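Colleague: Task: produce atomic coordinates for the following.
(chains A, B, C and D)
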Number of protein chains: 2
Amino acid sequence: MAKAQFDRNDILDKSIQLFWRHGFSGSSMQQVVQATGLKPGSIYHSFGSKEALFREALDRYAQKSIAHIRRLMDSAPSAGEGICAHLEAVVEQSTREDYCSCFLIKTRLELAAEANQLHKFASAKLDEIEELFRSYLAKEFDETTSRQRAVSLMLHIFGVRVYGYRQGSAERMRLGVKEGLPWLPWK
Amino acid sequence: MAKAQFDRNDILDKSIQLFWRHGFSGSSMQQVVQATGLKPGSIYHSFGSKEALFREALDRYAQKSIAHIRRLMDSAPSAGEGICAHLEAVVEQSTREDYCSCFLIKTRLELAAEANQLHKFASAKLDEIEELFRSYLAKEFDETTSRQRAVSLMLHIFGVRVYGYRQGSAERMRLGVKEGLPWLPWK
DNA sequence: TCTCATTTTGAGTGATTATTCAAAATACTG
DNA sequence: CAGTATTTTGAATAATCACTCAAAATGAGA
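Modeller: The predicted model follows:
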């Protein structure tokens, strides 16, 4: 029996780039064909449908994001310092020329109306990220404080992901985030 | 010479509902035809193109939003109280069954990649809203504080607009917003 | 090397996309 | 009422959409 000639993760990474940038409706399978180099038949044979491919790409993006946060938090001296580092990274990302917010957030907003599976999936992953931050905060703060600050943190992350499209907004956002999250160990 | 038989604002309002919910790429002109009751030819005769119609709809939405904020702020005893009322309204909106975030924010995220006119337009209107809040804050706080708190406020508004899709999140958001904007006159 | 399940191919499917346009209907002006 | 500028009509356009499938190519196990 013949084995797949392409690397599935490589295809998914290329799909992430496309879907993240242009969204579900804004991306065509023709563009997927171009971006991946696969023929239509191969894509459908391997992934089933546009929605299934999008879902796998989104899943991989979420897994990478969660793993990245976990790594950052585990290597930080304290939850607060880990969070500061993550926020700075999110702000810094927005200064890049090819900035395109967050794939999960974009999907949550784009596909909410159709009671879409993909919207639910993105939402679940975002909730998972909040829960992750909460669990790290819970090591240093009481339960109520941890829950509240995790929400406040997510509001700020979402805010920065939207605000970040503004030209030259990095410094504004750093000040804004310091203003709203004064309990973090800012340097 | 014959006069248009339809009310332009009525058509725009129906277009707002459609585009707000499904986005630019997610809405078809066929859906516009259905939603407005106009024939394709009439739409193109009056509005020119899908993009031009979308732009007019977005403009009307932005004008309404800005007018609403201005009314709220003018009728409030203080800038802080006006902002509290606005934030509560934004949180409250997210509890509705047909919640779909903010048309300006959704457009900013959806159409960023294509260096689109519509993305720029939405961004400009969002900047205008920040400037509006800043000007109200400037009546009660010094310039630096006003600017910083306007940014912090916008981060929270954006955050709530994204977070709001979460089921049963209103109370969490109220606490989160109080946590992040402690300088507001919360009751 | 032969077998055969699996993968790849790419032209082709019918549906849907945004948009057009000549003809018909309309309503203001003189 | 006649004249005319404007609006409405709705079938038609070419392009693009997601997706299919029979046939060819592939490669691991016998």
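Colleague: so after the biggest helix by length in chain A, what's the next helix or strand?
Modeller: Longest helix in chain A, counting residues (DSSP state H): helix A:50-75. Counting by DSSP states H and E, the element after helix A:50-75 in chain order, helix or strand, is helix A:79-93.
Colleague: helices or strands up against that next one?
Modeller: helix A:50-75, helix A:117-137, helix A:143-163, helix A:170-180 (3 or more CB pairs under 8 Å, 6 or more residues apart in numbering or on different chains; DSSP states H and E). C-betas here are computed from N, CA, C, even on glycine.
Colleague: what angle do the last one and helix B:143-163 make?
Modeller: If you take axes from the mean of the first three to the mean of the last three CA atoms, to 10 degrees, helix A:170-180 sits at 80 degrees to helix B:143-163.
Colleague: One more: the second one?
Modeller: For helix A:117-137 against helix B:143-163, the angle between stretch directions is 130 degrees (the same axes, to 10 degrees).
Colleague: same thing with the longest one?
Modeller: Taking the same axes, to 10 degrees, one finds that helix A:50-75 is oriented at 130 degrees with respect to helix B:143-163.
Colleague: quick one: is helix A:50-75 near chain B?
Modeller: No. Figure legend: helix A:50-75 not in contact with chain B (CB under 8 Å from any CB of the partner chain); closest approach 13.1 Å.
Colleague: now the shortest one
Modeller: Yes. Using CB under 8 Å from any CB, helix A:170-180 comes into contact with chain B via A:R172, A:M173, A:L175, A:G176, A:V177, A:E179, A:G180.
Colleague: Could you work out the most separated pair of these?
Modeller: Greatest spacing in the residues of helix A:170-180 next to chain B, by CB to CB: A:R172 and A:G180 (12.4 Å).
Colleague: per-residue confidence for the residue lying closest to A:T145 once chain neighbours are set aside?
Modeller: In this structure, A:T145 finds its nearest non-sequential neighbour in A:L137, 7.5 Å apart by CB to CB, 6 or more residues apart in numbering or on different chains. pLDDT for A:L137: 98.
Colleague: tell me which parts of chain A are close to DNA strand C?
Modeller: Applying CB under 7 Å from any atom of the strand, one finds that chain A approaches DNA strand C through A:1-6, A:38-42, A:45-46.
Colleague: Could you point out which of those is nearest to B:Q117?
Modeller: A:P40 (32.0 Å).
Colleague: thinking that closest one is in contact with A:S28, fair?
Modeller: No. Taking contacts as CB atoms under 8 Å, A:P40 lies outside contact range of A:S28: 11.1 Å.
Colleague: List the buried residues of stretch A:68-82.
Modeller: Within stretch A:68-82, the residues scored as buried using 16 or more other CB atoms under 10 Å in any protein chain shown are A:I69, A:L72, A:M73, A:A76, A:A79, A:G80, A:E81, A:G82.
Colleague: re earlier: deepest-packed of the helices and strands packed on helix A:79-93, please.
Modeller: helix A:143-163 (a mean of 23; mean count of other CB atoms under 10 Å in any protein chain shown).
Colleague: what about it, average pLDDT?
Modeller: Per-residue scores along helix A:143-163 average to 97.
Colleague: Ok, stretch A:47-62 next?
Modeller: 98.
Colleague: who's in contact with that stretch?
Modeller: A:9, A:12-13, A:15-16, A:19-20, A:24, A:29, A:32, A:43, A:103-104, A:107, A:117-118, A:121-122, A:125, A:128 (CB atoms under 8 Å, 6 or more residues apart in numbering or on different chains).
Colleague: Low-confidence stretches in chain A?
Modeller: A:1-2 (pLDDT under 70).
Colleague: if we go to 90?
Modeller: A:1-5, A:113-116, A:187 (pLDDT under 90).
Colleague: Could you pick out the residues of it near DNA strand D for me?
Modeller: Counting by CB under 7 Å from any atom of the strand, the residues of chain A near DNA strand D are A:1-3, A:5, A:27-31, A:40-41, A:44-45, A:49-51.
Colleague: Which member of these is positioned nearest chain B?
Modeller: Within these, proximity to chain B (CB to the nearest CB) peaks at A:S27, which comes in at 8.8 Å.
Colleague: List only those of the residues of chain A next to DNA strand D flagged as buried.
Modeller: A:S27, A:K50.
Colleague: Report the contact partners of A:V177.
Modeller: So A:V177 contacts A:L87, A:V91, A:H156, A:V160, B:L155 (CB under 8 Å, 6+ apart).
Colleague: and the fourth one, how far is that from A:K14?
Modeller: Counting by CB to CB, to the nearest Å, the gap between A:V160 and A:K14 amounts to 27 Å.
Colleague: Kindly report the same for the third one.
Modeller: As judged by CB to CB, A:H156 and A:K14 stand 31 Å apart.
Colleague: And for the second one?
Modeller: Per CB to CB, A:V91 is found 27 Å from A:K14.
Colleague: Could you check which of these two is surrounded by more residues?
Modeller: A:V91 (20 against 17; other CB atoms under 10 Å in any protein chain shown).
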